[in-house]
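[1] Have a look at this fold, sequence not included:
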């Protein structure tokens, strides 16, 4: 594990002893930590699951700051979560015999599907029909998720 991940994890946990995870800068620290975990040379399932937890907490806090309305940063967090679920499925495929029937696979697919639905709603609300690149990016995730679901047989 990288030194930055180790230091940021320790410092974030120390801050959480004093501050709730919904105040600045905690969501930003959670996102940074999640991205570091996802970009380790060989992330383990534990790292990926922690990244998803951090991203989920950051997304919830930032949505709360904005009266539960989407913002570009919350859409970016949703895309980060889709990346994390995709990484989890890729790692499970490589490490788990019978990964298609593993309940964790179904769980990650289900969570990714819910995240994708929220991302689709957010991109429509933020950009409407003129979303162009952002709509295409979210729909690209939709196609990827469909391929993963087909591979698993869901």
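    Okay, I see it. From a predicted model like this one, the values you see are computed outputs, not experimental measurements.
[2] where in the chain is pLDDT low?
    Applying pLDDT under 70 to the chain flags residues 1-24.
[3] For it, which segments are assigned as helices?
    Applying DSSP state H to the chain gives helices spanning 3-18, 26-38, 45-65, 72-95, 103-127, 133-152.
[4] Any chance of those helices in JSON lines with mean neighbour count as columns?
    (C-beta placed from N, C-alpha, C; glycine too.) Shown next, in JSON lines, are these (neighbours: other CB atoms under 10 Å):
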{"stretch": "helix 3-18", "mean neighbour count": "12"}
{"stretch": "helix 26-38", "mean neighbour count": "21"}
{"stretch": "helix 45-65", "mean neighbour count": "20"}
{"stretch": "helix 72-95", "mean neighbour count": "20"}
{"stretch": "helix 103-127", "mean neighbour count": "17"}
{"stretch": "helix 133-152", "mean neighbour count": "15"}
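[5] Please look at residue 34 and residue 48 and confirm they touch.
    No: counting by CB atoms under 8 Å, no contact exists between residue 34 and residue 48, whose distance comes to 9.4 Å.
[6] so what's in contact with these two at the same time?
    Common contacts of residue 34 and residue 48 (CB atoms under 8 Å, 6 or more residues apart in numbering): residue 84.
[7] Just want the most central residue of this structure.
    The geometric centre of the chain, computed from its C-alpha atoms, lies nearest to residue 81 (CA atoms, centre = their mean), at 1.3 Å.
[8] got the contact list for that one?
    52, 55, 56, 59, 111, 112, 115.
[9] if you set the cut-off to 6 Å instead, what comes out?
    Residues counted as contacts of residue 81 (CB atoms under 6 Å, 6 or more residues apart in numbering) are 55, 115.
[10] how far away is it from residue 32?
    Note on residue 81: its distance to residue 32, by CB to CB, to the nearest Å, is 15 Å.
[11] cool, residue 77 as well?
    12 Å.
[12] What of residue 52?
    Applying CB to CB, the value for residue 52 to residue 32 is 15 Å.
[13] Same question for residue 55.
    If you go by CB to CB, the gap between residue 55 and residue 32 works out to 11 Å.
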